[in-house]
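>>> give me coordinates for this.
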Amino acid sequence: MIVFKDVCVGCGRCQPYCPAGAIHFEDCKSAVDQEICYECGTCLRSEICPVDAIREPANVYEYPRALRKYFSDPTSTHAVTGIQGRGTEESKTNDVTLRCGPGDVGIAIEIGRPTLGMGLRDIQKITRALACNGIHEIEPNNPINSMILDPQTGDLIPELLDERVLSAIIEMQVKKERLAEILRVIKQVIPELDSVFTLDVATMLEPGLTVPSDVLKAIESEGFSWRPNAKINMGLGRVTE
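Model (predicted):
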């Protein structure tokens, strides 16, 4: 984002709305640090500026800076997947899409959050660790997949590495028997990350709405604690007359 100084009145109202702290005073007018800005659009959507001095810059959709907007602005549509919100439907739609069947588990590695964000070099640390251990199952419809230069090494396209976003998610779908192995690799790379980290394991429930015991055993065997978290799409997929 940019602030037009010839329009800005220096009220500073926009500054608390920036989740990255990129807006600051400069010569008594608000200015945006372009290195820090994630292009999330929060300051613009808030409509807090009394004189409409906030605008998107001309290069907001230029590659590779466009990644900042695609991964940080929930209203934007990712150019690769055509999906809003980090460019992926995520496992929360499994009750409709059935991406993960009874013998599968979905693994989602979430990095970054508002106010903290993350650099894409952290993504490469994870993709490299997975590839080094023969794990190449990043889902084709996950936008991270299109950012990988070499699936055998897990290296990302070099010009992407200096970009920063509010958050990103790596998604995989594997057979249940591989869950413990992949969790072990992820646990080893966690100390190298420079942002917050959340690990999700998605599975279909068994009769009685219980989590499969073999999935829980794999999670606990690698030293992870777990808590159930359901996101139900009300009405989607329901049979109607």
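
>>> wait, is Asp122 part of a helix?
Yes: counting by DSSP: H, G, I helix; E, B strand; the rest coil, Asp122 is located in a helix.

>>> from Glu163, how far out is it?
Applying C-beta to C-beta, to the nearest Å, the value for Asp122 to Glu163 is 11 Å. Backbone N, C-alpha and C define where each C-beta goes, glycine included.

>>> ok, Arg65 next?
Taking C-beta to C-beta, one finds Arg65 at 7 Å from Glu163.

>>> same question, Thr198
21 Å.

>>> who has more neighbours, those two?
Glu163 (21 against 12; other C-beta atoms under 10 Å).

>>> phi first, then psi, for Cys206.
One thing to correct before we go on: residue 206 is Glu, not Cys. phi -90, psi 170 (degrees, to the nearest 10).

>>> cool, Lys176 as well?
According to degrees, to the nearest 10, Lys176 has phi -50, psi -40.

>>> check Pro158 too.
The phi/psi pair for Pro158 (degrees, to the nearest 10) is phi -50, psi -40.

>>> leaving out the residues flanking it, which one is nearest to the residue most central in space within the chain?
By C-alpha atoms, centre = their mean, the chain has its centre lying nearest to Ala168, at 1.9 Å. Among residues not flanking Ala168 along the chain, Phe71 sits closest, at 5.3 Å (C-beta to C-beta, 6 or more residues apart in numbering).

>>> give me the helices and strands touching the helix or strand encompassing the one you found, please.
Phe71 is part of helix 66-72, with elements assigned from DSSP states H and E. Applying 3 or more C-beta pairs under 8 Å, 6 or more residues apart in numbering; DSSP states H and E, we find helix 66-72 packed against strand 164-165.

>>> partner strands of the strand it packs on and their direction?
Sheet pairing of strand 164-165 (DSSP bridges) gives strand 118-119 (antiparallel).

>>> what does the strand it pairs with contact?
For strand 118-119, contacts defined as C-beta atoms under 8 Å, 6 or more residues apart in numbering pick out 111-112, 161-168, 193-195.

>>> just the buried members of those?
111-112, 163-168, 193, 195 (16 or more other C-beta atoms under 10 Å).

>>> quick check, Pro19 in contact with Thr115.
Yes: at 5.1 Å, Pro19 and Thr115 qualify as touching, with contact defined as C-beta atoms under 8 Å.

>>> more neighbours: which of those two?
Pro19 (17 against 10).

>>> before we move on, which element is the closest residue to the more buried one other than its chain neighbours in?
In this structure, Pro19 finds its nearest non-sequential neighbour in Pro114, 3.9 Å apart by C-beta to C-beta, 6+ apart. Per DSSP H and E: Pro114 is located in neither a helix nor a strand.

>>> Pro114 and Glu206, how far apart?
Taking C-beta to C-beta, one finds Pro114 at 35 Å from Glu206.

>>> over to Leu116?
Leu116 is 36 Å from Glu206, by C-beta to C-beta.

>>> cool, and Arg113?
Applying C-beta to C-beta to Arg113 and Glu206 gives a distance of 32 Å.

>>> the more surrounded of the two?
Arg113 (15 against 12).

>>> give me the pLDDT for the more buried one.
Looking at Arg113, its pLDDT is 84.

>>> same question, the one 5 residues further on
Met118 is assigned a predicted lDDT (pLDDT) of 91.

>>> leaving out the residues flanking it, which one is nearest to Val7?
Ala53 (4.0 Å).

>>> which residues touch that neighbour?
3-5, 7-9, 30.

>>> which one of those residues is nearest to Glu39?
Glu39 has its nearest neighbour among these in Val3, at 13.8 Å by C-beta to C-beta.
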